[in-house]
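Asks: here is my input; please provide its structure:
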Amino acid sequence: MTDLLILSLATWRITSLLTNEYGPWHVLESMRRWVGVSYDENLQRVGSNVVADALTCVWCTSVWVGLVVGILYGLWPVVTIAASIPFAIMGGALVANRIIGNG
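Replies: Model prediction:
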């Protein structure tokens with residue numbers, strides 16, 4: 001059960017990074033632009049291809065991130081959990097921050 005919680009929080013955090021955040025030096029924003037994500041006149045993100053479309057939707061991207069995390073866990077469970085812990089901690093901190101209401 002602990003593994004599932006860690007992997008779930010990590011999947012959510014990675015998905016959020018890929019779809020919503022700029023990242024350090026705007027590297028994640030640049031990556032989205034590179035694959036074809038742009039903005040319309042209402043500043044809504046739009047994709048110019050299937051990958052770009054997926055990166056405009058948290059639900060869509062979480063399916064693929066969850067699939068990759070699940071496969072990696074099936075192949076290398078200890079390594080996947082170890083690599084997921086920092087993302088899970090960040091995710092937990094963000095959830096706690098939203099519950100408390102500081103952001």
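
Asks: run through the strands of this structure in chain order.
Replies: 37-39, 45-47 (DSSP state E).

Asks: list the contacts for M31?
Replies: Contacts here follow CB atoms under 8 Å, 6 or more residues apart in numbering; on that basis M31 touches G23. (Glycine included, C-beta is placed from N, CA and C.)

Asks: gap between it and T15?
Replies: Distance of M31 to T15, given as CB to CB, to the nearest Å: 14 Å.

Asks: so where's the chain uncertain?
Replies: For the chain, the stretches flagged by pLDDT under 70 are 103.

Asks: ok, 90 please
Replies: Along the chain, segments meeting pLDDT under 90 span 1, 23, 43, 94-95, 97-98, 101-103.

Asks: could you report the neighbour count for the nearest residue to S84 once chain neighbours are set aside?
Replies: Once flanking residues are discounted, S84 sits nearest to A10: 3.6 Å by CB to CB, 6 or more residues apart in numbering. Counted with other CB atoms under 10 Å, the neighbours of A10 add up to 24.

Asks: residues contacting A10?
Replies: A10 makes contacts with 69, 84-85, 87-88, 91, as judged by CB under 8 Å, 6+ apart.

Asks: if we use 6 Å, what do you get?
Replies: Neighbour list for A10: 84, 87-88 [criterion: CB atoms under 6 Å, 6 or more residues apart in numbering].

Asks: how close does it sit to G23?
Replies: In terms of CB to CB, A10 sits 17 Å off from G23.

Asks: circling back to that earlier point, closest to V78 out of the strands of the chain?
Replies: Closest of these to V78 is strand 37-39, at 34.5 Å (criterion: CB to CB).
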